[in-house]
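Enquirer: okay, predicted coordinates and the sequence, questions at the end:
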Amino acid sequence: MSKTRLSTLVERLEERRATLVAAESCTGGLFSDTITDIPGASAFYKGSVVAYTVEIKRDVLNVGEDLIREHGPVSKEVTQEMARQVSEVLDADFSVAITGNAGPTADQGTLGEGFISAHARSGDTLVRKFNFQGNRWDVKQQAVDKAVDLLLELMGG
């Protein structure tokens, strides 16, 4: 993780007096761990939901079961809804959602395939598909890096 990009994200959140939350699936809390390693993160980071199963996506994040069934738990549509819903559930200005298949099995989708969505309370949302390489740790770390990048893009570069 580039300390510069992470510092820029923190600066942008602090300038806006904005809050951030996350919904994580394949990263299992690594995004939250990365953010909470920053001294003073509690000034802008409210928390996260690790939605590792379909049930948590549905029951905690209020992602529609029909949406999950139609598109799959690792999809653009579900990731976008996770970002929107975690922002509502945890009442934050910005949110990020991360889903994917970190391997080593390909039960649902392609190994290394992931989706990340960044959402602003204003309604602006970005979602991207990624094909990460490497082992589970590599995939998780790459997903966290791209989540920071996507949040920065949402906030204007």
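Expert: Looks like it came in fine.
Enquirer: the residue nearest to the spatial centre of the chain: what's it in contact with?
Expert: The centroid of the chain falls nearest to Ala97 when counting by CA atoms, centre = their mean (2.4 Å). Neighbour list for Ala97: 22-25, 79-80, 82-83, 86, 116-117, 119 [criterion: CB atoms under 8 Å, 6 or more residues apart in numbering]. For glycine as for every other residue, the C-beta is placed from the backbone atoms N, C-alpha and C.
Enquirer: ranges for the helices of the protein?
Expert: Remark: helices assigned in the chain by DSSP state H are 3-16, 30-36, 54-59, 65-71, 76-89, 136-154.
Enquirer: quick one, which of the ones you listed is nearest to Gly112?
Expert: For these, the distance to Gly112 is smallest for helix 136-154, at 5.8 Å, taking CB to CB.
Enquirer: counting contacts, what elements does the closest one pack onto?
Expert: helix 3-16, helix 30-36, strand 94-100, strand 113-120, strand 125-131 (3 or more CB pairs under 8 Å, 6 or more residues apart in numbering; DSSP states H and E).
Enquirer: pLDDT below threshold where in the chain?
Expert: Residues of the chain meeting the criterion pLDDT under 70: 1-2, 103-110, 157.
Enquirer: with neighbour count added, can I get the contacts of Ala97 in JSON lines?
Expert: Shown next, in JSON lines, are those (neighbours: other CB atoms under 10 Å):
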{"residue": "Ala22", "neighbour count": "32"}
{"residue": "Ala23", "neighbour count": "31"}
{"residue": "Glu24", "neighbour count": "26"}
{"residue": "Ser25", "neighbour count": "27"}
{"residue": "Thr79", "neighbour count": "28"}
{"residue": "Gln80", "neighbour count": "22"}
{"residue": "Met82", "neighbour count": "29"}
{"residue": "Ala83", "neighbour count": "29"}
{"residue": "Val86", "neighbour count": "29"}
{"residue": "Ile116", "neighbour count": "28"}
{"residue": "Ser117", "neighbour count": "27"}
{"residue": "His119", "neighbour count": "30"}
